[in-house]
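Trainee: Provided below for reference: sequence and predicted model.
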Amino acid sequence: QVQLVESGGGLVQAGGSLRLSCAVSGGSFSDLSGGWLRQAPGKAREFVAAITWLGDSTYYADSVKGRFTISRDSVKNTIALQMNSLKPDDTAEYYCAASSVISPTHAYDYPHLGQGTQVTVSS
């Protein structure tokens with residue numbers, strides 16, 4: 001059973017930066033891609049970014065492209081999301097997630113989620 005634990009959320013002003021981290025345990029990492037999803041109040045959970053565990057291919061939602069960077073450390077079994085130029089619209093609960101889909105660019109591709117970490121961007 002894959003377990004994911006996020007850290008690094010918080011409150012930041014618009015234009016600022018935050019870095020989210022995720023520790024992954026359990027499962028077979030060579031079969032999984034890692035990703036980040038988010039859910040704002042009253043909205044559906046949405047895809048943010050993904051990285052293949054071995055292939056180093058990355059994918060981003062259009063809304064974060066150029067501002068967010070996903071990375072992974074396959075030795076330490078961690079996934080990170082560097083978020084720059086944050087906007088109030090980025091305010092949401094952020095979830096680290098894992099998927100067996102090769103190119104997981106939809107929220108429904110991720111059956112494994114962490115407990116979430118809150119990111120709040122003030123204007």
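Mentor: Perfect, I can see it now.
Trainee: which helix or which strand is home to the nearest residue to His106 once chain neighbours are set aside?
Mentor: Once flanking residues are discounted, His106 sits nearest to Phe47: 5.7 Å by CB to CB, 6 or more residues apart in numbering. In short, each C-beta sits where N, CA and C put it, glycine included. Element membership of Phe47, judged by DSSP states H and E, is strand 46-52.
Trainee: mind listing the strands that strand pairs with, and their directions?
Mentor: strand 33-39 (antiparallel), strand 58-60 (antiparallel) (DSSP bridges).
Trainee: quick revisit: can you pull the contacts of the residue nearest to His106?
Mentor: Gly35, Leu37, Ala61, Pro104, Thr105, His106, Ala107, Asp109 (CB atoms under 8 Å, 6 or more residues apart in numbering).
Trainee: then Met83?
Mentor: Counting by CB under 8 Å, 6+ apart, Met83 has contacts Ser17, Leu18, Arg19, Leu20, Val64, Arg67, Phe68, Asp90, Val119.
Trainee: contacting residues around the spatially most central residue of the chain?
Mentor: When CA atoms, centre = their mean is applied to the chain, the residue found nearest the centroid is Trp36 (1.9 Å). The contact partners of Trp36, by CB under 8 Å, 6+ apart, come to Leu20, Cys22, Val48, Ala49, Ala50, Ile70, Ile79, Leu81, Tyr94, Tyr95, Cys96, Ala97.
Trainee: in three-state terms, label the last one for me.
Mentor: The three-state label given to Ala97 by DSSP: H, G, I helix; E, B strand; the rest coil is strand.
Trainee: can you list the low-confidence ranges for this structure?
Mentor: Counting by pLDDT under 70, the chain has low-confidence residues at 27-30, 55.
Trainee: and with 50 instead?
Mentor: Counting by pLDDT under 50, the chain has no low-confidence residues at all.
Trainee: which parts of it are strands?
Mentor: All strands of the chain, identified by DSSP state E, fall at 3-7, 10-13, 18-25, 33-39, 46-52, 58-60, 68-73, 78-83, 92-99, 112-113, 117-122.
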